[in-house]
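In: Model the structure of this input:
(one chain, ligands or ions: 1)
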Amino acid sequence: PAVPAPDMDGVNAALKAAMANGAPGAMARFTGPDGVRTRTAGVRDRVSGAAMDTTARFRIGSVSKTFSSVVLLQLVDEGRLELDAPVNRYLPGLLPDDRITVRHLLTHRSGLADYTDAMFAKTVPGFEAVRNRVFTYQELVALSLAEPRTTEPGAAYKYSNTNFVVVGMLIEKATGTPVSQQYEQRIIKPLNLRNTSYVHPQARIAGTHVRGYLHPDEAGAPLVDSTEQTASWAQTAGAVISNPADLNTFTTALMRGRLLSPRMLDAMTTVTPTDTTQTRFYGLGLRRYDLSCGTQVYGHTGTVQGYYTYAFATRDGGRSLSAMANTSNRGAANTALGGTLEAAFCGKKPT
Ligand SMILES: CC1(C)S[C@@H]2[C@H](NC(=O)CCCC[C@H](NC(=O)C[NH3+])C(=O)[O-])C(=O)N2[C@H]1C(=O)[O-]
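Out: Residues are numbered from 1 along each chain as shown. Modelled structure (predicted):
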């Protein structure tokens, strides 16, 4: 069946709405049967005034979780890890409950508390306290285990960055190499993602990049330039750097079966609801959004200091969209940016 052409005017309106809600700039790149469409708005650098640029790199936050999930699921495909095995089989003594499995991590059903709740309770002080710090995986897990667990293992969905820090530990234990090498060998090189990197704990973004601007909690307080940070608080839960073209290549390749076996991709895209609206779902390190026109899109969202990201594709990989606004701690800007999905995948609303 013919698919609707993207409503790029609607995409542009969503970018402008993100700016009206506090983003210095925003951009989107759609890839579909009729080729690539891009839109930009505002600036990627408030000091130089450099215009937003769809080739520019930025921090993708939790879209990194899908990169980490792909690496882990490839290891499962290779028989080097089992999805339903206890994490403690591979990392003896790490977790206080042998019932927590690898699958629980990927589905956010482990019950492990999210250490970032306390870490970023006060947005700017929390960020300034960690922006130059380098954490070990163990230190981050210890921060989580100092908090009560949120659910019995497997009992309910409760999003937690901690899950994907443990995923990073599993990857490094199973391969004996740094996760950066696994991203490179298994995703970045095969897909030729020339603007995607994992440079933790380097704080700079190399090449042409978008500067990110964090809104303080105090109304009217000036934006904080949050571009340079180690992102060590996030690592395999959120420290990947990429750009719109690479994100569309990644989500498209994933959906077209270039990264996982058909069986594993089916497992990854088997979802459960994350809220009562029955339009938001989570699989294995992957979100599914059910749009108003009936189209289902798979990918992930990201929130890291100074950057909101959406990176989604249709299940057949025929259409993909990535969108970014260079601000954060401003939910209305994030919601506005999310409007790019309906415009891009559902097309112009009938008048
Ligand atoms: C589930 C989310 C939204 S949060 C999770 C992860 N990002 C973080 O955990 C960072 C949280 C603090 C970010 C900070 N906010 C505060 O400090 C608030 N006090 C800001 O807005 O820059 C990511 O990315 N995920 C998003 C996701 O998956 O979409």
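In: tell me the secondary structure for residue 15?
Out: Following DSSP: H, G, I helix; E, B strand; the rest coil, residue 15 is assigned to helix.
In: Go ahead and measure how far the helix or strand bottoming out on mean pLDDT in the chain is from the middle of the chain.
Out: The weakest-scoring helix or strand in the chain, judged by mean pLDDT, DSSP states H and E, is strand 272-273 (a mean of 95). Centroid separation for strand 272-273 versus its chain: 18 Å, with Cα atoms, centre = their mean, to the nearest Å.
In: Paired strands for that strand, with orientation please.
Out: Using DSSP bridges, strand 272-273 pairs in its sheet with strand 280-282 (antiparallel).
In: For the ligand, see how far away residue 221 is.
Out: 13 Å (Cβ to the nearest ligand atom, to the nearest Å). (C-beta placed from N, C-alpha, C; glycine too.)
In: Which of the helices or strands spans that residue?
Out: Here residue 221 sits in a region with no helix or strand, counting by DSSP states H and E.
In: Could you check how many residues crowd around it?
Out: Neighbourhood size, residue 221 [other Cβ atoms under 10 Å]: 10.
In: Now for it: which residues touch it?
Out: Counting by Cβ atoms under 8 Å, 6 or more residues apart in numbering, residue 221 makes contact with 124, 215.
In: Show me what the least confident helix or strand of the chain is in contact with.
Out: 107, 157, 280-282.
In: Neighbour-wise, give me the winner out of those.
Out: Counting by other Cβ under 10 Å, top hit in the contacts of strand 272-273: residue 107 with 22 neighbours.
In: interface residues of the stretch 151-300 of the chain facing the ligand?
Out: Proximity of the stretch 151-300 of the chain to the ligand, by Cβ under 6 Å from any ligand atom, involves residues 159, 161, 214, 238.
In: Buried members of those into PyMOL, please.
Out: For the buried members of those, the matching PyMOL selection, counting by 16 or more other Cβ atoms under 10 Å, is:
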select buried, resi 161+214+238
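In: quick check, nearest of the residues of the stretch 151-300 of the chain next to the ligand to residue 32?
Out: residue 238 (27.9 Å; Cβ to Cβ).
In: Okay, now the unreliable bits of the chain?
Out: Along the chain, the parts satisfying pLDDT under 70 run over 1.
In: In a helix, residue 324, correct?
Out: No - counting by three-state DSSP, residue 324 falls outside a helix, being strand.
In: That one contacts residue 244, correct?
Out: Yes - between residue 324 and residue 244 there is a contact at 7.0 Å, judged by Cβ atoms under 8 Å.
In: Which of these two has more residues huddled nearby?
Out: residue 324 (35 against 29).
In: so who does the nearest residue in space to that one that is not next to it in sequence touch?
Out: Spatial nearest neighbour of residue 324, excluding adjacent residues (Cβ to Cβ, 6 or more residues apart in numbering): residue 309 at 5.0 Å. Residues counted as contacts of residue 309 (Cβ under 8 Å, 6+ apart) are 58, 60-61, 63, 247, 301-303, 322-324.
In: Looks to me like residue 309 is in a strand.
Out: Yes - assessed with three-state DSSP, residue 309 lies in a strand.
In: Please tell me how far it sits from residue 328.
Out: 10 Å (Cβ to Cβ, to the nearest Å).
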